[in-house]
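J.: Attaching a predicted model along with its sequence, questions to come.
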2 protein chains.
Amino acid sequence: MAIKFAKRMDGLKGSEIRELLKLTEKPEVISFAGGLPAPELFPVEEMKEISRMVLEESGREALQYTTTEGFGPLREQIAERMNRKLKTNVSKDDLLITSGSQQGLDFAGKIFLDEGDVVLVESPSYLGALNAFKAYCPKFIEVPTDKDGMIIEELENILETTENVKMIYVIPDFQNPTGKTWSMERRERFMDVINKFEIPVVEDNPYGELRFEGEILPSLKAMDEKGLVMFLGSFSKIFCPGYRIGWVAASEELLSKFIFVKQGADLQASTISQREVSKFIDVYDLDAHVEKIKTVYKKRRDLMLKTIDETFPEGIEHTYPEGGLFTWVDLPKHLDARKIMEKCLEKNVAYVPGGSFFPNGGKENTFRLNYSNMPEEKIVEGVKRLADALKDALAQDANA
Amino acid sequence: MAIKFAKRMDGLKGSEIRELLKLTEKPEVISFAGGLPAPELFPVEEMKEISRMVLEESGREALQYTTTEGFGPLREQIAERMNRKLKTNVSKDDLLITSGSQQGLDFAGKIFLDEGDVVLVESPSYLGALNAFKAYCPKFIEVPTDKDGMIIEELENILETTENVKMIYVIPDFQNPTGKTWSMERRERFMDVINKFEIPVVEDNPYGELRFEGEILPSLKAMDEKGLVMFLGSFSKIFCPGYRIGWVAASEELLSKFIFVKQGADLQASTISQREVSKFIDVYDLDAHVEKIKTVYKKRRDLMLKTIDETFPEGIEHTYPEGGLFTWVDLPKHLDARKIMEKCLEKNVAYVPGGSFFPNGGKENTFRLNYSNMPEEKIVEGVKRLADALKDALAQDANA
C-alpha cells in the first residue's frame, strides 16, 4: 500500500524523548526527566465538593457545548489574576480558553507559519513548542541566551539580517529547560526591539506564578503597546494538569485568528472543566494554593541544588532557578549526556538529555533536571546516583 | 503594523454560520439551526456520583497528566462497544482519545494534506469538517449522493481521472447535514473501490448509535481489510458534549501519526474527563442511556416531519432520517434559503442555510433542520413559522 502523507509528517518521527520517558516509568527509577507537578498537592477533596456544586447548580449547561471563546466567568477570573500578578491590562474579551497552553503553541504555528518561514527561539527552548511548530515546517533560528535571558544584540542582529521572521517564541519566566528568568532590563530592551521590527511574539508563561524568591516581574504582554504579544497561560502547574485548561491572551486582531483556528481544531475546551476551575477560584483560594505549591517546590529545588553542589564532580555547572520546575546542567564539552543517560538508567535515575532542546542540534553536554515531582528523600538519593554516573563518565573519559 | 499570517489564514474568515448562530441565541428564537443534543437527557445526577467516585478512588491520577493515547480502560470500553455495535474488530491499541471527534478531523487534515491536495467529500458534507480541512488548503471535490449514499460510479470516475486524491471524508450514518444513511450495498461497493485505489478514508460516525428504526449497519471500518479507514467516534451525542471526549480508531501505521500529532497539538485529552466517562460506563448502563435518547429524538423527528408534511407548501422535499439529529430540506431551485432565513429570523425561527455545506458553492435552495434540541411544542410551533416564511417567499416570488 502506498498511502501518501503530507510533507510535514516527514519531520514528525517518533520522539526519542518519548521512548526514554517510557523507560523512566518503572517504579524503581528516580526520574528527574518529566515535567510533572507534585500530585500530592492536588486539591482532591476540594474538587469533590466543586464538581458536586457545578453539577448541582448548572449541570445541564456544564455538560453541554459552549462557546469557542470559553466560559465567560473563568475568562474574567483569569484576566483579573493576570492583571494583578503580571501587570497586564487585559479583559475577558482578550482571552480564549485552550486545551492546555500546548494548544496555544500549535495554534500559533498554524496562524503564522508557512513552510520555510523563520521562527526565532531561545537557545535552548521548550521541546514541546519546537515539536508543535515543526508541524508547519519552519526554519528555527536560535537566539543565544545568557543568565539574564535572550541576548538582545544577537536578536537585533538576526532580525536585521534575516528574511521571513514570522514570530518569536520565548519563555521569560523560569524557562523550560534552563530555569532561567529574564531580567527587567532585558524585557524592556526586548520589547523595544520587537516594537521596532513589529514581529509577533509568543510569550509562554506556564510557571510564572511559581516564584520562590524575589518579585514577579511584569510579563512582556504588560509592556506590549502594539498588540504584538500573545501570552500563553495554563492551570497545569498552579492547579492541576488533568483538566487541560490553558489560555491565550492577545489583541483583538490576533485573538480572532486563534478563535477561528480553535473552532476548526476542536470547537471548544471542556465545558465542565472550565466551570470546575472557575468554581474552585470562586470558592477556594487559588493564591493560597499556589503558596503551598511554592513552599514544597522551593524546598525541593534547594535540596536538589545543595545535593548537586555536594556530590557532583568539579567542572559541572548548573543554573539557579528562582522558580518553576527545572534546573539545567552543563557538563564539560567532551561529555555526551545521551550516552551517560544509558548508564543512569542502569542506576535507576533519569534526566532529559539537553541536545533535543536545541532545534538545530548541538550542546549534547547538557541535561535538564525536574525537581517538582520527586519527594525529598528521592531527590537526595537520585542526585547521588547521578553524581556516581557522572564520576564514572569522567573517569572512563580520563582512561580513554 | 504589518503582521504576516500564514497563507492558510486567508481562507479562514469569520464564518457566516457562526454569526447567524449568534442571532439564534435569543430565547424567543425557536432554533433548528444548531446541532446540540437535548440537555434534559444529560445524566446530571449520575455524574455527581461518578465524579465523587473518580476523585475518591484515584484523585491524584485523575488530576495529573496521562499518556497521549489516553486512559487504557476507556479505550478498552470503546473497543468493546464498537465491536459489538458496529461489527469492527478493534482493540484498545487501535484507539487514540481525542478532544471530541472534531479534533480527529483536524488531525486527518494535518496528516494527509499538503496545499492543493484533493479531498473527496459527499455533496453536501459537514461544515465543521470542511473548515477543519481548509486549514491545510486542499481542493475539495464533491462526490454526488443519492438517498442511499455516495454514488459509487461517480466516485470511481473521479478517482480514475484525478491526481493527488489524498483522502475521502464520509459520514455514512445519519449524515450531517442530510440525515441520509448509506445502504449496505453502497458500503460494500464503496470499500471495493477504496481497496482498489488504496485511498485513506475518514469515516465520521458521531450519531451511528442513534438509530430509531431498523438495524445498525456495519461501519466501513468493519469492512476495512487494508487498514485504510480511520473511524472517528464521539461521546458528544450519545452521552454529553461538555467533556469533549472522542476517539480515532485506525491501523497501527495511521494511528501512530495521529498520536504524534496529538502530542504536538495538546499533549492529551483531559485525564479526569476520560476517567469520568469510563467510570460512567462501568457503573451505569450507557446502552440504556442511548435508548432513552433515541426514544426522545425519534418522537421529535416524527413530529417535525409530520408537521412539515402538514404545513409546508407543495414542491418542497425533505429527507427521512432513520436516526441522528438532522433532516434536510430541498426548496424549488429558484428560492434562496439564505434570503428566506432573514425572514425566518423576523418570525423568531432559524435553520442553517444549506449552501455552506457545499465546499465549492451552489445549492442555495436547501437548508438543514435539527430536531434534537427543541421540545415538542416548540418543534410544532417552529415548523409552522417556517411554513409561513416559505409560503411568503413563494408568494412574493409568484408576484415578482
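T.: That came through, no problem. Residues are numbered from 1 along each chain as shown, chains lettered A, B, ... in the order given.
J.: and the lengthiest helix in chain A, which residues are buried?
T.: Longest helix in chain A, counting residues (DSSP state H): helix A:286-311. If you call a residue buried by 16 or more other Cβ atoms under 10 Å in any protein chain shown, then helix A:286-311 has these buried ones: A:286, A:289-290, A:293-294, A:296-298, A:300-301, A:303-305, A:307-308, A:311. C-beta: built from backbone N, CA, C; applies to glycine.
J.: I'd like the mean pLDDT over the longest strand along chain A, please.
T.: When chain A is parsed with DSSP state E, its longest strand is strand A:139-146. Strand A:139-146 comes out with an average pLDDT of 97.
J.: Just the residues contacting that strand, thanks.
T.: A:116-125, A:130, A:133, A:150-151, A:154-155, A:158, A:162, A:165, A:168, A:178, A:180, A:358-360 (Cβ atoms under 8 Å, 6 or more residues apart in numbering or on different chains).
J.: In that strand, which residues are buried?
T.: Within strand A:139-146, judged by 16+ other Cβ under 10 Å, the buried ones are A:K139, A:F140, A:I141, A:E142, A:V143, A:T145.
J.: Just give the strands next to that strand in its sheet, each with its orientation.
T.: strand A:118-123 (parallel), strand A:149-150 (antiparallel) (DSSP bridges).
J.: about what we covered before: which one of the buried residues of strand A:139-146 sits closest to A:G315?
T.: A:T145 (21.3 Å; Cβ to Cβ).
J.: Quickly note the distance from the closest one to chain B.
T.: 24 Å (Cβ to the nearest Cβ, to the nearest Å).
J.: can you check A:F367 too?
T.: Counting by Cβ to the nearest Cβ, the gap from A:F367 to chain B is 21 Å.
J.: What's opposite that residue in the beta bridge?
T.: Under the criterion used (DSSP bridges), A:F367 bridges to A:V329, A:P353.
J.: Now for it: which residues touch it?
T.: With contact set as Cβ under 8 Å, 6+ apart, A:F367 has these partners: A:W328, A:V329, A:L331, A:A337, A:M341, A:Y351, A:V352, A:P353, A:G354.
J.: Quick check: of the buried residues of helix A:286-311, which lies closest to B:Q103?
T.: Using Cβ to Cβ, those come closest to B:Q103 at A:L286, 28.3 Å.
J.: Could you verify my assumption that the closest one touches A:E209?
T.: No: judged on Cβ atoms under 8 Å, A:L286 makes no contact with A:E209 at a distance of 9.3 Å.
J.: who touches both of those two?
T.: A:I238.
J.: The stretch 201-350 of chain A against chain B: which residues are in contact?
T.: Contact residues (Cβ under 8 Å from any Cβ of the partner chain) of the stretch 201-350 of chain A with chain B: A:226-228, A:236, A:240-244, A:253-254, A:256-257, A:260-261, A:263-273.
J.: So which of these sit within helices?
T.: Using DSSP H, those in helices are A:253-254, A:256-257, A:260-261, A:263-266, A:271-273.
J.: ok now the strand or helix carrying A:K279, how far from the chain's centre?
T.: Secondary structure assigned from DSSP states H and E places A:K279 in helix A:271-283. In terms of Cα atoms, centre = their mean, to the nearest Å, the centre of helix A:271-283 is found 23 Å from the chain centre.
J.: before we move on, what about stretch A:136-153?
T.: 16 Å.
J.: how about low-confidence regions in chain A?
T.: A:1, A:13-17, A:400 (pLDDT under 70).
J.: what's the domain layout of it?
T.: A:7-43+A:288-398, A:44-283 (the TED database).
J.: Stretch A:33-40 close to chain B?
T.: Yes: counting by Cβ under 8 Å from any Cβ, chain B has neighbours in stretch A:33-40: A:L36, A:P37, A:P39, A:E40.
J.: Give the closest residue to the last one in space, chain neighbours not counted.
T.: So the one you mean is A:E40. Take A:E40 and drop its neighbours on the chain: the residue closest to it by Cβ to Cβ, 6 or more residues apart in numbering or on different chains is B:R60, 7.0 Å away.
J.: What number of residues are in the vicinity of the one you found?
T.: As a burial measure, B:R60 scores 15 neighbours (other Cβ atoms under 10 Å in any protein chain shown).
J.: Wait, it touches A:P37, no?
T.: No: between B:R60 and A:P37 there is no contact under Cβ under 8 Å: 10.5 Å.
J.: could you pull out the strands for chain A?
T.: Counting by DSSP E, the strands of chain A are A:30-31, A:95-98, A:118-123, A:139-146, A:149-150, A:165-170, A:201-204, A:229-234, A:246-249, A:317-318, A:326-330, A:349-350, A:352-353, A:366-370.
J.: hang on, the earlier thing: mark which of the ones in helices among the residues of the stretch 201-350 of chain A next to chain B are buried, thanks.
T.: By neighbour count, with 16+ other Cβ under 10 Å, these hold A:L254, A:K257, A:F260, A:V261, A:Q263, A:G264, A:A265, A:D266, A:T271, A:I272, A:S273 as buried.
J.: could the residues of stretch A:33-40 next to chain B be laid out in a markdown table, adding neighbour count?
T.: Output for the residues of stretch A:33-40 next to chain B, formatted as a markdown table (neighbours: other Cβ atoms under 10 Å in any protein chain shown):
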| residue | neighbour count |
| --- | --- |
| A:L36 | 17 |
| A:P37 | 26 |
| A:P39 | 18 |
| A:E40 | 10 |
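J.: about what we covered before: please indicate which of the contacts of A:F367 has the highest neighbour count?
T.: Highest neighbour count within the contacts of A:F367: A:V352, with 26 neighbours (other Cβ under 10 Å).
J.: Apart from its neighbours in sequence, what residue is nearest it?
T.: Per Cβ to Cβ, 6+ apart, closest to A:V352 is A:R368, 4.6 Å.
J.: Return the distance of the one you found relative to B:K257.
T.: Distance from A:R368 to B:K257, counting by Cβ to Cβ, to the nearest Å: 27 Å.
J.: From chain B, how far off is the residue nearest to A:L41 when sequence neighbours are not counted?
T.: Counting by Cβ to Cβ, 6+ apart, A:I293 is the residue found nearest to A:L41 once chain neighbours are left out, at 5.4 Å. Separation of A:I293 from chain B (Cβ to the nearest Cβ): 13 Å.
J.: check contacts around A:I293.
T.: Counted by Cβ under 8 Å, 6+ apart, A:I293 has contacts A:P37, A:A38, A:L41, A:L210, A:K237, A:I238.
J.: Can you tell me which of the residues you listed are buried?
T.: Buried residues within those, counting neighbours by 16+ other Cβ under 10 Å: A:P37, A:A38, A:L41, A:L210, A:K237, A:I238.
J.: give the contact list for the residue nearest to A:V352.
T.: With contact set as Cβ under 8 Å, 6+ apart, A:R368 has these partners: A:32-33, A:176-178, A:326-329, A:351-352, A:354, A:357.
J.: got a list of what A:S251 touches?
T.: Each residue near A:S251 by Cβ under 8 Å, 6+ apart is listed here: A:D94, A:D224, A:G227, A:L228.
J.: List the contacts of the nearest residue to A:V283 once chain neighbours are set aside.
T.: What sits nearest to A:V283 in space, not counting adjacent residues and going by Cβ to Cβ, 6+ apart, is A:I50, at 6.6 Å. By Cβ under 8 Å, 6+ apart, A:I50 lies in contact with A:E276, A:K279, A:F280, A:V283, A:Y284.
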